[in-house]
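Colleague: Just need the structure, nothing else, for what follows:
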Amino acid sequence: MTSLTDDDDLPPTLVENDDVLESSEVEAENTQPVPVTIVTGFLGSGKTTLITRLLNDEKHKKRIAVILNEFGES
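Modeller: Numbering: from 1, shown residues only. Reported below is the predicted structural model:
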């Protein structure tokens, strides 16, 4: 659990440091590449509709993670 300290501006730790593997601890032969699809497009091009349908369709039996990086100009 994160406590209030002088480092209040730092982001909270999501994983305990004991659980993090060093790169030397990961065996290269046991790692597999993870396929990634990046969805981009203009405003109104159907990105949200596509992703919503993929997430709601259980026929494909795939595990899907979505990372949303939303930014805009102000």
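Colleague: And the nearest residue to His60 once chain neighbours are set aside, which helix or strand is it part of?
Modeller: In space, and not counting its chain neighbours, His60 is closest to Leu54: 7.7 Å by C-beta to C-beta, 6 or more residues apart in numbering. Every residue, glycine included, has its C-beta placed from N, CA and C. Assigned by DSSP states H and E, Leu54 falls within helix 47-56.
Colleague: export that helix as PDB, just CAs?
Modeller: The C-alpha coordinates for helix 47-56 follow below in PDB (Å, rounded to 0.1, in the frame of the first residue of the first chain):
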ATOM      1  CA  LYS A  47     -12.500   2.900 -34.400                       C
ATOM      2  CA  THR A  48     -14.600   2.600 -31.300                       C
ATOM      3  CA  THR A  49     -17.300   0.600 -33.100                       C
ATOM      4  CA  LEU A  50     -14.600  -1.900 -34.300                       C
ATOM      5  CA  ILE A  51     -13.000  -2.300 -30.900                       C
ATOM      6  CA  THR A  52     -16.400  -2.600 -29.100                       C
ATOM      7  CA  ARG A  53     -17.500  -5.300 -31.500                       C
ATOM      8  CA  LEU A  54     -14.200  -7.200 -31.100                       C
ATOM      9  CA  LEU A  55     -14.500  -7.000 -27.300                       C
ATOM     10  CA  ASN A  56     -18.100  -8.100 -27.200                       C
END
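Colleague: show me where pLDDT drops low in this protein?
Modeller: By pLDDT under 70, the weakly predicted segments of the chain are 1-9, 11-30, 72-74.
Colleague: try 50 this time
Modeller: Within the chain, the segments meeting pLDDT under 50 span 2.
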